[in-house]
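A.B. asks: No sequence on hand, only this structure:
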Ligand SMILES: Nc1ncnc2c1ncn2[C@@H]1O[C@H](COP(=O)(O)OP(=O)(O)OP(=O)(O)O)[C@@H](O)[C@H]1O
Ligand SMILES: [Mg+2]
């Protein structure tokens, strides 16, 4: 087990920032912590790295308590904090080297590791540049290079894509996938459900310090998916096709409007093939088929009655 938290509570005076949270992260996964502002994501991360004391419960990293193995644990974790933590008056290369030394990298390998890290985030050709000349996305990427220079077993990224352009965002998501492929376990926090959906294998949805749901994205969507919905655009509706579709077993309703046929079926009915066959056998030309998929946003909305977005 890479991380296990058991009944963890963190209070700031009256405010319960983390309310009895238990979770586990196993080796090799990209674990997503999804929740809106103030959910408790950063507090959880700070507890994992021993920056914030817990009020009660237990946190173990690599099956060990942090306090007793602080040095070993910290050497094997890479943290990319929510607030960008780089030095404006050091070059990109000097920044990464600084963090490399902090993580205890030996002198003889540091140069190579800095090169690897900068290459990894696509900033090697900018190594001599001071970050004050960087765009927001480049600063974020440098922040990542600083957190992974020592090739840690566990990489924790706290909302690494906030406020950056789409290109940097894609580059970051791609590099997280690559880190994971090379063997690192990833903990990723975000309030963008699209990102979590895109890269995470296992997800916890939090709100107000509590875990609302957990599972793979399919499992989470299964929580709300009560029906399948398919919209078929056709050239021309004829031969009472809607009534014929409606007679198929597992179809609960079928309506037509402006040559768009909307078919609602029972959950997991897997009847798309039969519907399409039926329509084309009637000589109706299909222009497009759209299968409506539930999103994590919808899961959150269903669980909390609120939207994930600010
Ligand atoms: N040092 C602190 N002192 C007092 N309250 C705090 C402190 N740090 C966090 N909190 C409170 O704890 C709760 C959880 O905050 P946290 O930063 O963990 O949320 P988050 O999920 O990371 O949010 P965001 O998406 O905005 O980063 C919030 O209500 C916040 O105001
Ligand atoms: Mg946060």
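C.D. replies: Nice, I can see it. Being a predicted model, the structure only gives us computed values, none of them experimental. Numbers count the residues shown, from 1 in each chain. Ligands and ions are numbered 1, 2, ... in the order given.
A.B. asks: What backbone torsions are found at the closest residue to ligand 1 within the stretch 151-300 of the chain?
C.D. replies: Nearest residue of the stretch 151-300 of the chain to ligand 1: residue 191, at 5.4 Å (C-beta to the nearest ligand atom). Heads up, the C-betas are built off the backbone N, CA and C, glycines and all. Note on residue 191: its backbone torsions stand at phi -110, psi 10 [degrees, to the nearest 10].
A.B. asks: ok, it to residue 213 distance?
C.D. replies: Per C-beta to C-beta, to the nearest Å, residue 191 is found 15 Å from residue 213.
A.B. asks: which residues touch residue 300?
C.D. replies: Listed by C-beta atoms under 8 Å, 6 or more residues apart in numbering, the contact partners of residue 300 are 34, 193, 205, 207, 212, 306-308.
A.B. asks: Reformat those residues into CSV and put pLDDT, neighbour count and secondary structure next to each item.
C.D. replies: Below are these laid out as CSV (pLDDT from 0 to 100; neighbours: other C-beta atoms under 10 Å; DSSP: H, G, I helix; E, B strand; the rest coil):
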residue, pLDDT, neighbour count, secondary structure
34, 92, 29, strand
193, 82, 22, helix
205, 92, 26, strand
207, 92, 19, strand
212, 90, 19, strand
306, 74, 10, coil
307, 74, 11, coil
308, 70, 24, coil
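A.B. asks: one step back: name the nearest residue to the residue of the stretch 151-300 of the chain closest to ligand 1, ignoring sequence neighbours.
C.D. replies: Leaving out its chain neighbours, the residue that sits closest to residue 191 by C-beta to C-beta, 6 or more residues apart in numbering is residue 36, at 5.3 Å.
A.B. asks: quick check, the one you found in a strand?
C.D. replies: No: under the criterion used here (DSSP: H, G, I helix; E, B strand; the rest coil), residue 36 is coil, not part of a strand.
A.B. asks: got the residue ranges for the helices in this structure?
C.D. replies: Counting by DSSP state H, the chain has helices at residues 41-48, 70-75, 92-102, 107-120, 136-148, 166-181, 193-199, 217-222, 241-247, 272-281, 296-304.
A.B. asks: how about the second one: buried residues?
C.D. replies: Judged by neighbour count using 16 or more other C-beta atoms under 10 Å, the buried positions of helix 70-75 are 73-74.
A.B. asks: who touches it?
C.D. replies: Against helix 70-75 from outside (C-beta under 8 Å, 6+ apart): 49-50, 61-62, 64, 66, 103-104, 150, 152.
A.B. asks: How far does it sit from its chain's centre?
C.D. replies: Centroid separation between helix 70-75 and its chain, computed with C-alpha atoms, centre = their mean, to the nearest Å, is 25 Å.
A.B. asks: do the same with the fifth one
C.D. replies: Taking C-alpha atoms, centre = their mean, one finds helix 136-148 lying 18 Å from the centre of the chain it belongs to.
A.B. asks: Please name every helix or strand in contact with it.
C.D. replies: The contact analysis (3 or more C-beta pairs under 8 Å, 6 or more residues apart in numbering; DSSP states H and E) places helix 136-148 against strand 77-80, helix 92-102, helix 107-120, strand 154-158, helix 166-181.
A.B. asks: can I get those in JSON lines with distance to ligand 2?
C.D. replies: Converted to JSON lines, the helices and strands packed on helix 136-148 look like this (distance: least, C-beta to the ion, whole Å):
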{"stretch": "strand 77-80", "distance to ligand 2": "12"}
{"stretch": "helix 92-102", "distance to ligand 2": "21"}
{"stretch": "helix 107-120", "distance to ligand 2": "24"}
{"stretch": "strand 154-158", "distance to ligand 2": "6"}
{"stretch": "helix 166-181", "distance to ligand 2": "17"}
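A.B. asks: any chance of these in a markdown table, with distance to ligand 1, mean pLDDT and mean neighbour count too?
C.D. replies: Converted to a markdown table, these look like this (distance: least, C-beta to the nearest ligand atom, whole Å; pLDDT from 0 to 100; neighbours: other C-beta atoms under 10 Å):
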| stretch | distance to ligand 1 | mean pLDDT | mean neighbour count |
| --- | --- | --- | --- |
| strand 77-80 | 13 | 94 | 24 |
| helix 92-102 | 22 | 96 | 20 |
| helix 107-120 | 25 | 94 | 16 |
| strand 154-158 | 7 | 96 | 23 |
| helix 166-181 | 17 | 91 | 16 |
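A.B. asks: Same list (the ones you listed) but as TSV, adding distance to residue 133.
C.D. replies: Shown next, in TSV, are the helices and strands packed on helix 136-148 (distance: least, C-beta to C-beta, whole Å):
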stretch	distance to residue 133
strand 77-80	21
helix 92-102	10
helix 107-120	15
strand 154-158	24
helix 166-181	15
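A.B. asks: Quick one: closest of those to residue 201.
C.D. replies: Nearest to residue 201 among the helices and strands packed on helix 136-148 is helix 166-181 (8.8 Å), distances taken as C-beta to C-beta.
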